[in-house]
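In: Build me a structure from this.
(one chain, ligands or ions: 1)
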Amino acid sequence: MADKGDSIEWRIRAMCERVAQAKAAGLYFFNMPISELRGGSRVLVNGRQMAMFASYSYLGLIGHPRIQAAARDAIERYGTGTHGVRTLAGTLNLHRELEEAIAQMKGTQDAITFSSGYITNLTVISALVGRHDFVFVDKYDHASIVDGCLLSSAKMVRFKHNDMADLETKFRSAPSASAKLVVTDAVFSMDGDVIDLPRLAELCRQHKAWLMVDEAHSLGVLGKTGHGIEEHFGMEGVVDIKMGTLSKAVPSVGGYVAGSSNLITYLRHHSRGYIFTAALPPPQAAAALEALRVIQDEPWRIQALQQNAQQLIRGLKDRGFDTLNTETAIVPLLCVSDENAFRMTREAHEEDLFVLPVVSPAVPEGTARLRTTVTAAHEASEIEQALDVFERAGKKIGVI
Ligand SMILES: *Cc1c(COP(=O)(O)O)cnc(C)c1O
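Out: Below is the predicted model of the structure:
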């Protein structure tokens, strides 16, 4: 490939140089291949068994025998692919069963599934709002929400993180007759804190705004039975557009929206990310469906997860770490500088803990961190061991 000498060439080179420098310094931790699952929370990486503390599989369901069997049966019955897009020949009974199960769990009339959570936010937000509408987003919302807003060409207004007074001010700046949509994470993906749903729902009611909540890190995590943020606050029915993913607590792939049957009918006929892309493959749809059933049948997993999260958060705080405002399974260890976050990661890896750093621009400058997660699959003793590793590393590097 001959050099073109233009801005595309320059961008590619600049990124490659950054990656090469990080690798040369032994501070590149991304795209690490796992070669084997070792049961519980353990994985094999580069021939070493590591304790996984960076997984989104919050309920420990990856590899669950019932889910594995459902995926295998679906391949036998339907094959590995579909006949195309959902709207045309791609819909299977299985897709409808999955959507009915999601609607039931979320307490709505209907639900629709898409091929990923990212696509779901992109296509649903851009299907709902357009040029003359307003969309309000929390400053810490997930990238897929921001991208959906950009694609929609609606006026995007960002409010301060979890700051309902600021949202109220921003509402007042929009013409009262204009359509308003608020989109927020339920559990914020970098900080692990929970949106103030009671106040948010009240404001949306007052200002006639639609409310869409992304439950990527909330389904299976929040609420006594893992049904998510409405259950957590005891406020069933206040969210108009309940979005989530099938790739985190549910060990598959795909995204969904649950809501009124009119909303879902509209999305089925107006979302470009539904109409113009292939249906979920049968084993993935079957795995997601079975996982929802397992979540109902094994409620102990939700309790174990919530207990493990409390153990990790309390243990870190007791050792002097700043864990921001997390209340959930996403537990940040604030390291402040990128350098310290990278060094903490290297120390942890040397002690066979699989954790990852998050640095700017993914999080604000000066808030670099180890972003750890716990799952229902961790034993209390494994969490204690991890705490000891973090304490040793934190003291050595000067984070605590
Ligand atoms: C992971 C995530 C998504 C994207 O979901 P995928 O199914 O992985 O594409 C969307 N929103 C939030 C908040 C997420 O954390």
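
In: and residue 230, what helix or strand is that in?
Out: helix 229-233 (DSSP states H and E).

In: tell me what the very next helix or strand once past that helix is packed against?
Out: Moving toward the C-terminus from helix 229-233, the next helix or strand (DSSP H and E) is strand 241-245. Helices and strands touching strand 241-245, by 3 or more Cβ pairs under 8 Å, 6 or more residues apart in numbering; DSSP states H and E, are helix 93-106, helix 117-128, strand 210-214, strand 255-259. Where you see a C-beta, it was placed from the backbone N, CA and C, and this is true even at glycine.

In: highest average neighbour count across those?
Out: Most buried of the helices and strands packed on strand 241-245, by mean neighbour count (mean count of other Cβ atoms under 10 Å): strand 255-259, with a mean of 27.

In: Near the ligand, which residues of the stretch 101-250 of the chain are found?
Out: Proximity of the stretch 101-250 of the chain to the ligand is confined to 116-118, 121, 142, 144, 185, 189, 214, 216-217, 245, 247 under the rule Cβ under 6 Å from any ligand atom.

In: Please report how far the residue of the chain found nearest the ligand lies from residue 223.
Out: Using Cβ to the nearest ligand atom, the closest approach of the chain to the ligand is made by residue 117 at 2.2 Å. Residue 117 sits 19 Å away from residue 223, taking Cβ to Cβ, to the nearest Å as the criterion.

In: same deal with residue 189?
Out: 18 Å.

In: where exactly do the helices run in this structure?
Out: 7-24, 65-78, 93-106, 117-128, 143-152, 164-172, 197-206, 229-233, 261-270, 272-275, 282-297, 300-318, 338-350, 380-397 (DSSP state H).

In: so what's the residue nearest to residue 92 when sequence neighbours are not counted up against?
Out: Leaving aside its sequence neighbours, residue 92 sits nearest to residue 78 (Cβ to Cβ, 6 or more residues apart in numbering; 5.9 Å). With contact taken as Cβ atoms under 8 Å, 6 or more residues apart in numbering, residue 78 is in contact with 92, 94, 282.

In: make it 10 Å
Out: 92, 93, 94, 281, 282, 283, 285, 286 (Cβ atoms under 10 Å, 6 or more residues apart in numbering).

In: wait, the fifth one sits on residue 97?
Out: No. Contact criterion Cβ atoms under 10 Å: residue 282 and residue 97 do not qualify, at 11.5 Å.

In: what bits of the chain have low per-residue confidence?
Out: Applying pLDDT under 70 to the chain flags residues 1-2.

In: any idea which residue sits dead centre in it?
Out: Centroid-nearest residue in the chain, with Cα atoms, centre = their mean: residue 216, separated by 3.7 Å.

In: what pairs with the residue lying closest to that one once chain neighbours are set aside across the strands?
Out: Once flanking residues are discounted, residue 216 sits nearest to residue 245: 4.7 Å by Cβ to Cβ, 6+ apart. Legend: beta-bridge partners of residue 245 under DSSP bridges are residue 255.

In: What residues does residue 245 make contact with?
Out: By Cβ under 10 Å, 6+ apart, residue 245 lies in contact with 56, 114, 116-118, 120-121, 144, 214-217, 219, 252-256, 288.

In: For residue 256, see how far away the nearest residue to residue 230 once chain neighbours are set aside is.
Out: Spatial nearest neighbour of residue 230, excluding adjacent residues (Cβ to Cβ, 6+ apart): residue 236 at 4.9 Å. Separation of residue 236 from residue 256 (Cβ to Cβ): 18 Å.

In: cool, and residue 5?
Out: Distance of residue 5 to residue 256, given as Cβ to Cβ: 46 Å.

In: What of residue 290?
Out: As for residue 290, its distance to residue 256 is 15 Å (criterion: Cβ to Cβ).

In: show me what contacts residue 271?
Out: Contacts of residue 271 by Cβ under 10 Å, 6+ apart are 86-87, 112, 114, 119-120, 122-128, 257, 277.

In: Mind checking the helices and strands packed on strand 241-245 for the one nearest to residue 300?
Out: With Cβ to Cβ, the closest approach to residue 300 among these belongs to helix 93-106: 17.6 Å.

In: Dump the closest one to PDB, keeping only the CA atoms.
Out: Taking Å, rounded to 0.1, in the frame of the first residue of the first chain, the C-alpha atoms of helix 93-106 are listed here in PDB:
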ATOM      1  CA  ASN A  93     -40.200 -18.500  16.500                       C
ATOM      2  CA  LEU A  94     -37.200 -18.300  18.700                       C
ATOM      3  CA  HIS A  95     -36.900 -14.500  18.200                       C
ATOM      4  CA  ARG A  96     -40.500 -14.000  19.100                       C
ATOM      5  CA  GLU A  97     -40.100 -16.200  22.200                       C
ATOM      6  CA  LEU A  98     -37.100 -14.200  23.200                       C
ATOM      7  CA  GLU A  99     -38.900 -10.900  22.800                       C
ATOM      8  CA  GLU A 100     -41.900 -12.200  24.700                       C
ATOM      9  CA  ALA A 101     -39.600 -13.300  27.600                       C
ATOM     10  CA  ILE A 102     -37.900  -9.900  27.700                       C
ATOM     11  CA  ALA A 103     -41.300  -8.100  27.700                       C
ATOM     12  CA  GLN A 104     -42.400 -10.300  30.500                       C
ATOM     13  CA  MET A 105     -39.300  -9.700  32.600                       C
ATOM     14  CA  LYS A 106     -39.500  -5.900  32.000                       C
END
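
In: Now do it: distance to the chain's middle.
Out: Distance of helix 93-106 from its chain centroid, counting by Cα atoms, centre = their mean, to the nearest Å, is 20 Å.

In: Since that was my last question, I'll sign off now.
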